[in-house]
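Asker: I would like to see how this sequence folds:
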Amino acid sequence: MSDPPAESLHRLFRHDPGLFARVAPLLGIAVPAVTKASVLFSGVGNWGALGCRGNTLLQLETAGQETFLLLIEAQDRQDHLRPAHWAHHVACLWTEYRLPTALLIVCPDQDTARWAAQPVASGPVQPPALTLHPFVAGPANLPLITDPEAVQADPALSALSAIMHPAAQGIGSALDTLSTILRDLPDVDANPLIALTAQGLHTHPAGIVWKHLVSAIILDREREKDRVERITKFRTEHLLLLLGERGLVLSESTREEVADCQDPETLLRWLLRAVTASTTEEIFDEDE
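Answerer: Model prediction:
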């Protein structure tokens, strides 16, 4: 079980299902190259009874045309009741989906990572009926990424490494580099990483630094959004005004298309065409 800050660790894999393929070599996991990764957002059958809906379940396909499940859990403290729950979750998923099932435990604390990595047998009888061998990612095998080129190449892995090392030397520089990289990414890619990194660092001093760094990004994007909305409104109004002055009548569907358009460049293109066009088709026909 984990607190909300640690939960960001497995949620990163939900945001970027391909992340495991890049993490596996760092953990020494010998699996064929992952060719497809998908998130199973909700299960069927006994899933609700498992008590693991807060975790992340991936279905992975490999170059060898093998398919397996990967259950990912974040663990931020030692809890000797958890291994039995892990074994139960894995066994139930294996039974439910009839697919080989592996377990990855992500631990931001190295002592917890060492504890979680120990094989756990189901009982004292030799040989035990069931032994759990989880994959474990901790600070020791996921080092802090500080190189700008490496951050640029994999922002999600860089965010994961930063959450793993909130007190490491160089964390300030690493977060500064990550925030700079995220500034240039589309919102759909950057915003989840901004939020998950903030959740993972939480109230740690590094988290305060992160909030300071990304507040500038958020403010700039809000300003840009306001600017784009103003330009869009301005061009829409002037396009309709120009069409009216030139006596060009729009059909109801075309008027709705103009009203719904949120792309300033498209509106500008229509506006420029409207200056000389003799028909509305000349304005809105993109094949022209």
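Asker: surely Ala102 meets Phe68?
Answerer: Yes. Ala102 lies in contact with Phe68 (C-beta atoms under 8 Å); the separation is 6.2 Å. Heads up, the C-betas are built off the backbone N, CA and C, glycines and all.
Asker: Those two: which has the busier surroundings?
Answerer: The neighbour comparison of Ala102 against Phe68 (other C-beta atoms under 10 Å) goes to Ala102, with 20 against 17.
Asker: what sits opposite the nearest residue to Pro128 once chain neighbours are set aside in the beta ladder?
Answerer: With sequence-adjacent residues excluded and distances taken as C-beta to C-beta, 6 or more residues apart in numbering, Pro128 is closest to Ala121, at 3.8 Å. Taking DSSP bridges as the rule, Ala121 bridges to Thr131.
Asker: who's in contact with Ala121?
Answerer: Taking C-beta atoms under 8 Å, 6 or more residues apart in numbering, we find Ala121 in contact with 128, 130-132.
Asker: any idea which of the residues you listed has the most stuff around it?
Answerer: Leu132 (18 neighbours).
Asker: quick one: contacts for that one?
Answerer: 83, 86-87, 90, 103, 119-121.
Asker: Pretty sure Thr35 sits against Thr67.
Answerer: No. Using C-beta under 8 Å, Thr35 is not in contact with Thr67, being 10.3 Å away.
Asker: Need the residues touching each of the two.
Answerer: Common neighbours of Thr35 and Thr67, counting by C-beta under 8 Å, 6+ apart, are Glu61.
Asker: give me every residue that touches Ile181.
Answerer: 148, 151-152, 155, 158.
Asker: re the thing from before, just the buried ones from the contacts of Leu132?
Answerer: Buried subset of those (neighbour count, 16 or more other C-beta atoms under 10 Å): 83, 86-87, 90, 103, 120.
Asker: Just the closest of those to Ala216, please.
Answerer: Closest approach between the buried ones among the contacts of Leu132 and Ala216, by C-beta to C-beta: Leu103, at 39.1 Å.
Asker: And for the closest one, nearest residue in space, chain neighbours not counted?
Answerer: Counting by C-beta to C-beta, 6+ apart, the residue nearest Leu103 is Pro134, at 4.3 Å.
Asker: Could you count how many residues lie near the one you found?
Answerer: Counted with other C-beta under 10 Å, Pro134 comes out at 20.
Asker: OK, contacts around it?
Answerer: Pro134 makes contact with 86, 102-105, 116-117, according to C-beta under 8 Å, 6+ apart.
Asker: Could you list the low-pLDDT ranges of this protein?
Answerer: Where the chain drops to pLDDT under 70, the residues are 1-4, 41-54, 287-288.
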